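Participant: what would the 3D arrangement of this be:
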Amino acid sequence: MRVRTMGELSNYVLGLTQQSEKSGLSLFVRVESKITVERLSALANKHLQSKEMLSYASLLPFFNFLMNRWYEIRYTDAIYPHVNDSLANRCCIELAKVIVDYYGGSLFQLLMPHVRFLPCFTSESFNNFVLTDDDVAIDVIKSLDDARKHKFHDFFYSEGIAQPKKQLSKLERDRVIHHSEQAYQYYFSFFLMYGERLEASQAIDSLRDRYVDSLLKNNCQLTASYNAQGTLKLVKSLVSMISTPHELAMFMTKYFDKFEWDQFIEQISNEDLFRIVLLEDYRSDIKTDTKTLLAKADKALYKLLSYKIDKIDTEPMARAFFFNLLAVYMRIRKSGPDYKSTLGHYVGSYLPWATGTYTKDQRLEVCEALKAFILSNEKMNELESYLKSQSQDHYWEQLKVKELGMLTQQMIRIALNFVEARPSQLRLAAGSS
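Facilitator: Numbering: from 1, shown residues only. Reported below is the predicted structural model:
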């Protein structure tokens, strides 16, 4: 599309962002796509009334947007070769096409800075290649053809005629083989199914043709993945701009359903979760020092729960806020000993009911019940009746003491902002037992 001014470009971009999202995206790719579309829409709105002619200087905000996004999604399954039809990727690709049409250059280089393309690389589509761990684009069909021809179980590439061959790592090789369902069927046919039998050649050729046809028609079912490490990297990118527990709660209620919160929080590193929820730095050099970690995190959690928690405007935000506090407590407790102190061990072993001292397993069991309540549809001030309905009323005493007691009191106090309370709930929220 030919556009002349920043206003025309911005109007075109806003039209792109109104399209529907692709169905079936993985959870975090879906969230990243939504956030990217929101950011791109905000950028376009800034320039919507501009009559400034397109130039390198005027296009710089869009150049920077595309570049910064690439570094956020790099080495994750949100990248263009892994899911080129997410709404975010479609918008970015079409934006880049307009810029390249006006300014020249490479579409691939604009969207994926510093990715290197081999001399033999001829693809014009994002679904034909995967990337190595050092950002070399590997043409999948050529790589599979070479493996078939030379009967390689390993995969190689060279960055030039005079350059030595490099062997793909196992993870890189897996991304080639599992590039798509069609690629794997082709690979499976010549390595695992037919072996050396000459009569199988026609069947193998047929699977190859089917694969190539799916690439040309852009209906290839892409399955290449960075797996767990890619998920961790993408989640780290998502939370990088979040700095307070309230911001995290707001982020969760905006981009996730309740049943997805656990999956999201589990992927956040201790470093980031403690930084956000406890407002404390968490240095990697103390990760193996359990005693130091517990003391630091316990102190921060106790301090946070000691103050009156305010500024939670909605019940969903309150649920997310206390879900995260509970998640921090559970991580701290899981990483520590059965009891936090020698005295706690002796006292808790004999008189837990009288002292409020319980084992790690007992505490974590209660935490799971409290987490289920937070994720339920029960009103947040109905914890006691919820436990009774689940035959878990024996947990109630544990939820009145120490950090869990403080957390429960704060949660019920906040819940009273959204419902009409009974006198017994007012007493518990005020700290009486």
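Participant: pull the contacting residues for Gly105.
Facilitator: Residues near Gly105 by C-beta atoms under 8 Å, 6 or more residues apart in numbering: none. Placement of C-beta: from N, CA and C, glycine included.
Participant: can I assume it sits in a helix?
Facilitator: No. Membership of Gly105 in a helix is not supported by DSSP: H, G, I helix; E, B strand; the rest coil, which gives coil.
Participant: quick one: it from Ser240, how far?
Facilitator: Separation of Gly105 from Ser240 (C-beta to C-beta, to the nearest Å): 29 Å.
Participant: again, but for Ile268
Facilitator: 11 Å.
Participant: apart from its neighbours in sequence, what residue is nearest Phe191?
Facilitator: Once flanking residues are discounted, Phe191 sits nearest to His153: 7.1 Å by C-beta to C-beta, 6 or more residues apart in numbering.
Participant: and if you look at Arg331?
Facilitator: Asn270 (6.4 Å).
Participant: got it, and Met252?
Facilitator: Nearest one to Met252, counting by C-beta to C-beta, 6+ apart, is Ala320 at 4.3 Å.
Participant: tell me, how many residues neighbour the residue nearest to Arg331?
Facilitator: Per other C-beta atoms under 10 Å, the neighbour tally for Asn270 reads 16.
Participant: does Lys142 count as helix, strand or coil?
Facilitator: Using three-state DSSP, the structure places Lys142 in helix.
Participant: any figure for the gap between it and Leu215?
Facilitator: Lys142 is 12 Å from Leu215, where distance means C-beta to C-beta.
Participant: quick one on the thing from earlier: correct me, but the residue nearest to Arg331 touches Ile332?
Facilitator: No. Judged on C-beta atoms under 8 Å, Asn270 makes no contact with Ile332 at a distance of 9.4 Å.
Participant: low-confidence regions, the stretch 151-300 of the chain specifically.
Facilitator: Where the stretch 151-300 of the chain drops to pLDDT under 70, the residues are 161, 192-199, 281-295.
Participant: show me the shaky parts of the stretch 1-150 of the chain.
Facilitator: Low-confidence segments of the stretch 1-150 of the chain (pLDDT under 70): 1, 119-123.
Participant: in which helix or strand does Lys311 reside?
Facilitator: Assigned by DSSP states H and E, Lys311 belongs to no helix or strand.
Participant: that one: neighbouring residues, count only.
Facilitator: Using other C-beta under 10 Å, Lys311 is surrounded by 8 other residues.
Participant: confidence score at it?
Facilitator: As predicted, Lys311 sits at a pLDDT of 76.
Participant: apart from its neighbours in sequence, what residue is nearest it?
Facilitator: His246 (6.3 Å).
Participant: equivalent analysis for Asn84, please.
Facilitator: The shortest distance from Asn84 to any non-neighbouring residue, by C-beta to C-beta, 6+ apart, is to Phe126 (4.1 Å).
Participant: my guess is that neighbour meets Asp85, correct?
Facilitator: No. With contacts counted by C-beta under 8 Å, Phe126 stays clear of Asp85, the gap being 9.2 Å.
Participant: the two: who's more crowded?
Facilitator: Taking other C-beta under 10 Å, Phe126 and Asp85 do not tie; Phe126 has more neighbours (22 against 15).
Participant: okay, now the residue lying closest to Leu16 once chain neighbours are set aside: neighbour count?
Facilitator: Of all residues not flanking Leu16 in the chain, Cys91 sits nearest, at 4.5 Å (C-beta to C-beta, 6+ apart). Neighbour count of Cys91, defined by other C-beta under 10 Å: 23.
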